[in-house]
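**Student:** What would the 3D arrangement of this be:
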Amino acid sequence: MKREIHVPYTVEQDEDGVWAAQAALLPDAFANGQGDTREAAIEDLREAIVVLAEEVGVPDELTVTVEVS
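**Tutor:** Got it, this is the predicted structure:
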């Protein structure tokens, strides 16, 4: 079975110019990605999330619509 999940993430560039992306799939299950570009770090993170989801499972999700001013 396939399931689409939405995972918030952050991306930062370190002092050496390497991009690092991080996300929490569950409160105690984190994934990380790195790359020479922002896009490469996000793609590496995406692959890490897939592996992590296979190991720990996929979290339940709740979708909420909010007004943003």
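**Student:** Assess the claim that residue 21 and residue 42 are in contact.
**Tutor:** Yes. Here residue 21 lies in contact with residue 42, judged by CB atoms under 8 Å, at a distance of 5.3 Å. Glycine gets a C-beta too; all of them are placed from N, C-alpha and C.
**Student:** Centroid-nearest residue for the protein?
**Tutor:** residue 23 (3.8 Å; CA atoms, centre = their mean).
**Student:** Between residue 21 and residue 42, which contacts overlap?
**Tutor:** Common neighbours of residue 21 and residue 42, using CB atoms under 8 Å, 6 or more residues apart in numbering, are 9, 11, 33, 35.
**Student:** among the residues you listed, which are in strands?
**Tutor:** Counted as lying in strands by DSSP state E, out of these, are 9, 11, 33, 35.
**Student:** now the strands for this structure?
**Tutor:** Under the criterion DSSP E, strands of the chain are mapped to 9-13, 19-26, 29-35.
**Student:** Mean pLDDT and distance to residue 69 added to the ones you listed, as a markdown table?
**Tutor:** Formatted as a markdown table, these follow (pLDDT from 0 to 100; distance: least, CB to CB, whole Å):
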| stretch | mean pLDDT | distance to residue 69 |
| --- | --- | --- |
| strand 9-13 | 98 | 23 |
| strand 19-26 | 96 | 27 |
| strand 29-35 | 97 | 32 |
